[in-house]
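Curious how this folds, go ahead:
(2 chains)
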Amino acid sequence: MGFSRQLRGIVEDAYLRAAQAEGWPGDVPDFAVERPKDTKMGDYATNIALQLARPLRRAPREIAERIAREVHAGEDFAAAEVAGAGFLNFRLTQAFHPRVLRALQDDSQGYLSSDIGRGERILLEFVSANPTGPLNVVSARAAAIGDTLGRLLRLTGHDVFTEYYVNDAGSQVENLALSILVRMQLPDGPREIPEDGYHGEYVTDLAKRFLSQAPASFSGMPREQQLSLLKAWAMAEMGRMRLATLEAYGVHFDNFFSEAAFRAGSGVDELLATFARRGILEGKEPGRRVVERAQHEEATPLLEDRDGARWLRTDLLGDDKDRVLVRSDGNYTYFLPDIGYHHGKYQRGYTRVIDLLGPDHHGYVARMRAAMEALGHAPESFQVLIVQWVRFLRGGVPQNMSKRAGETVTIDELLSDVGRDAARYFFLMRSHDTPLDFDLQLAQEESSENPVYYVQYAHARIASIRRQAGGEASTGGLSSAGADFSLLTAPEEVEILRRLGQLPEEIEEAAKALEPHRIPRMATELAQAFHSFYNKNRVLGVDPPLSAARLALAVAVGSALRELLTLLGVDAPDRM
RNA sequence: GCGCCCGUAGCUCAGCUGGAUAGAGUGCUUGACUACGAAUCAAGAGGUCGCAGGUUCGAAUCCUGCCGGGCGCGCCA
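Predicted structure coming up:
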């Protein structure tokens, strides 16, 4: 159990005892437990007395004093101090030090993991970029965030399945095939790339590659047959390229979900039938219910035919307006199969559906959530993280990223110019909600200043110490197994231990908030604490018991850093 | 016009379910290697938290309005 939760219990108990004695309300008020930035204010603080000031009509400090008297400090906490306007500050004792260090030594992953996600099955979809071109750097941010978010949720006990939706059923694939055919320059072939076609160099490459392995009969085939062959081949080829890029970038998907395959399996008509059976009951209570119309005649039908088209009444479910599912020409809009895909996620057994989308799709959130509600899924179980754009610059000049014109910077280029570790760390440091600038030229020139190397350097330093300790360990005395951790009293040592001790709950909080960008900060701050310690204190060659204790500390930091870097999909090198 | 996101140090960004003196990296100034890796450490300068109101013991954080930037608002995908 994290210290915050433990402390919360201590504070609640203390309040209840004080309340009993003073005749205060028996309900524990809302209060916050936080980690003050300044350790002079203790390791943890609570504002409970400030929250009580108004209802109790008494001075916050007075209330704080009263509660403080009832605090029976636990093994991990010393007694409370009243400070400032009426805060209760708590200081950690050293009781947890051996626990933390041993846990990190025995099972560092287990130390950081938790089971707060127990019972939740999450379908996490991200990237899902059009399959008609190489993955470009616009997707790099979402790929890193989604991948690390998946790892974070797994570490905290969620059952996570990551998925990439391959939009391979649209007319864009048709255009790609046609563009490739043009680039083949067959005698009877088309000469002009269509208006919505693709001009990138990779199209020419694809054409050459296809020709080198195409059956001799290809050029004599009817156009339609050529295109259908090309489409299938191009999708497979793009899939292979995509997989190779993602692997180099350290991003793993459990599944690539083909829209074309999904459409072939229908399900869409069934969906329409379900919508047709249902209606919306607008109750007097705030809120509404989706019901079977057979049981509720007064319910407003979910589907409405208007102007020859068939609409879903999403406006009654939180959207701005209704949305067309079936056009007046009888064709489905893209929205319908998309609903089917998301509905399918729930049918596959997932209880929570998380999508990472670009800001150009934020308008889509309300309507999809409405559709999910119409199908009986709890609207809040469908969560969307909008990953804001990265504006890519080169020497201060914004870069165009048109896929059709072939002006994109690919992830492959990013990897060869900047490197996986620096690129991932850069994206993962920032909140997904912040638009940010990324200068490719600066990143190249200054990649050695990326904070990722600061963290990796700490890890490599520790590995180096271990190598040297290994030599000394043969003479005995430096095994950290029986080390006396009470010798770790220097401020730098205490600071490291405090950070290590708080790590699990910080990980939990990051997972709950779906904010992987907190992880790089944890890593940087831990590395900083270690570098600072290292420059002031020697690990090896001091009094053997102290040396053993410090070695254990260093090993623990190394393990923790490795776990954090692993979450980020970044290497934890032993040498650099 | 309506909706969503953003505006914090020269630059890139944290901090936002209200909390104590607003932080980090980078850049700038100064200092530290004859013992474990100087890709490091220590110290300093650098701010009307876009602007104006409001809520309250307390606002970068919540509310309203305005300014600036991005994106969206199709029987397109």
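
Can you name the residues of the stretch 151-300 of chain A that neighbour RNA strand B?
Neighbours of RNA strand B within the stretch 151-300 of chain A, by Cβ under 7 Å from any atom of the strand: A:167, A:169-172. Bear in mind the C-beta positions are built from the backbone N, C-alpha and C, glycine included.

Between all of those residues, which two are separated the most?
Largest separation among these by Cβ to Cβ: A:Asn167 and A:Ser171, giving 10.8 Å.

Neighbour count for these two, which is higher?
Taking other Cβ atoms under 10 Å, A:Asn167 and A:Ser171 do not tie; A:Asn167 has more neighbours (19 against 8).

Hmm, that one is touching A:Pro131, no?
Yes. The criterion here is Cβ atoms under 8 Å, and A:Asn167 meets it with A:Pro131 at 6.4 Å.

sorry, back to before: would you format the residues of the stretch 151-300 of chain A next to RNA strand B as a markdown table with distance to A:Leu567, pLDDT and secondary structure included?
Shown next, in a markdown table, are these (distance: Cβ to Cβ, whole Å; pLDDT from 0 to 100; DSSP: H, G, I helix; E, B strand; the rest coil):
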| residue | distance to A:Leu567 | pLDDT | secondary structure |
| --- | --- | --- | --- |
| A:Asn167 | 29 | 91 | coil |
| A:Ala169 | 35 | 86 | coil |
| A:Gly170 | 35 | 82 | coil |
| A:Ser171 | 40 | 86 | helix |
| A:Gln172 | 35 | 89 | helix |
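
okay, now the domains of chain A?
Domain ranges of chain A: A:3-90, A:98-114+A:450-568, A:121-168+A:388-449, A:171-237, A:266-386, per automatic domain parsing.

tell me how far the ends of the longest one are from each other?
End-to-end distance of domain A:98-114+A:450-568 (Cα to Cα, to the nearest Å): 27 Å.

mind showing which ranges of the stretch 451-576 of chain A have poor pLDDT?
Along the stretch 451-576 of chain A, segments meeting pLDDT under 70 span A:471-481.

And A:Gly308, how far from A:Met429?
Applying Cβ to Cβ, to the nearest Å, the value for A:Gly308 to A:Met429 is 51 Å.

Looking at these two, which has the bigger crowd around it?
Taking neighbours as other Cβ under 10 Å, A:Gly308 and A:Met429 compare with A:Met429 leading, 20 against 10.

A:Ser228 and RNA strand B: what is the separation?
Distance of A:Ser228 to RNA strand B, given as Cβ to the nearest atom of the strand, to the nearest Å: 18 Å.

So what's the residue count around that residue?
A:Ser228 has 14 neighbours, counted by other Cβ under 10 Å.

same deal with A:Phe31?
18.

Can you give the contact residues for stretch A:73-80?
For stretch A:73-80, the external contacting residues (Cβ atoms under 8 Å, 6 or more residues apart in numbering) are A:3, A:6-7, A:10, A:14, A:44, A:67-68, A:71, A:88-93, A:95-96.

At the contact with RNA strand B, which residues of the stretch 301-450 of chain A appear?
Applying Cβ under 7 Å from any atom of the strand, one finds that the stretch 301-450 of chain A approaches RNA strand B through A:306-309, A:320-321, A:324, A:327-329, A:331, A:333-335, A:359-364, A:386, A:388-389, A:429-431, A:433-437, A:446, A:448-449.

Mind checking which of the residues you listed land in strands?
Of those, the ones assigned to strands by DSSP state E are A:306, A:309, A:324, A:386, A:436-437.

Pull out the buried members of those.
Burial by neighbour count, 16 or more other Cβ atoms under 10 Å: within these this picks out A:309, A:324, A:386.

Nearest spatial neighbour of the residue of the stretch 201-350 of chain A found nearest RNA strand B, chain-adjacent residues omitted?
Nearest residue of the stretch 201-350 of chain A to RNA strand B: A:Asp307, at 2.6 Å (Cβ to the nearest atom of the strand). Nearest non-adjacent residue to A:Asp307, counting by Cβ to Cβ, 6 or more residues apart in numbering: A:Ser328, 6.4 Å away.

Same check on A:Leu206?
A:Ile180 (5.2 Å).

any idea which element the residue most central in space within chain A lies in?
Compute the mean C-alpha point of chain A, and by Cα atoms, centre = their mean the closest residue is A:Leu149, 2.3 Å away. Applying DSSP states H and E as the criterion places A:Leu149 in helix A:138-155.

quick one: that helix to chain centroid distance?
Remark: helix A:138-155 is offset 4 Å from the chain centroid, using Cα atoms, centre = their mean, to the nearest Å.

Which ones among the contacts of stretch A:73-80 lie within helices?
Among the contacts of stretch A:73-80, the members found in helices (DSSP state H) are A:3, A:6-7, A:10, A:14, A:67-68.

Who wins on neighbours among those residues?
Busiest of the ones in helices among the contacts of stretch A:73-80 [other Cβ under 10 Å] is A:Ile67, holding 26 neighbours.

For that residue, give me its contacts.
A:11, A:14-15, A:18, A:48-49, A:80, A:88.

For RNA strand B, give me its nearest residue in the stretch 101-250 of chain A.
Closest point on the stretch 101-250 of chain A to RNA strand B, by Cβ to the nearest atom of the strand, is A:Gly170, at 3.6 Å.

residues contacting that residue?
Taking Cβ under 8 Å, 6+ apart, one finds A:259, A:334 in contact with A:Gly170.

same question, A:Glu563
Contacts of A:Glu563 by Cβ under 8 Å, 6+ apart are A:108-109, A:111-112.

Which members of the residues you listed occur in helices, if any?
Short answer: these in helices (DSSP H) are A:108-109, A:111-112.

Give the ChimeraX command for selecting the buried subset of those.
The ChimeraX selection below is limited to those of the ones in helices among the contacts of A:Glu563 classed as buried (16+ other Cβ under 10 Å):
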select /A:108,111,112
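
From the ones in helices among the contacts of A:Glu563, list the ones also adjacent to RNA strand B.
When Cβ under 7 Å from any atom of the strand is applied, no member of the ones in helices among the contacts of A:Glu563 is adjacent to RNA strand B.

want to throw the ones in helices among the contacts of A:Glu563 into a markdown table with pLDDT and distance to A:Leu442?
Output for these, formatted as a markdown table (pLDDT from 0 to 100; distance: Cβ to Cβ, whole Å):
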| residue | pLDDT | distance to A:Leu442 |
| --- | --- | --- |
| A:Ser108 | 95 | 35 |
| A:Gln109 | 95 | 35 |
| A:Tyr111 | 96 | 37 |
| A:Leu112 | 96 | 33 |
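
Measure how buried A:Lys30 is and give me the count.
Not quite, residue A:30 is Asp, not Lys. When counting by other Cβ under 10 Å, one arrives at 8 neighbours for A:Asp30.

now it: how far from A:Asp320?
Taken as Cβ to Cβ, the span from A:Asp30 to A:Asp320 is 34 Å.

give me the low-pLDDT residue ranges for chain A?
If you take pLDDT under 70 as the line, chain A has these spans: A:266, A:283-287, A:471-481.
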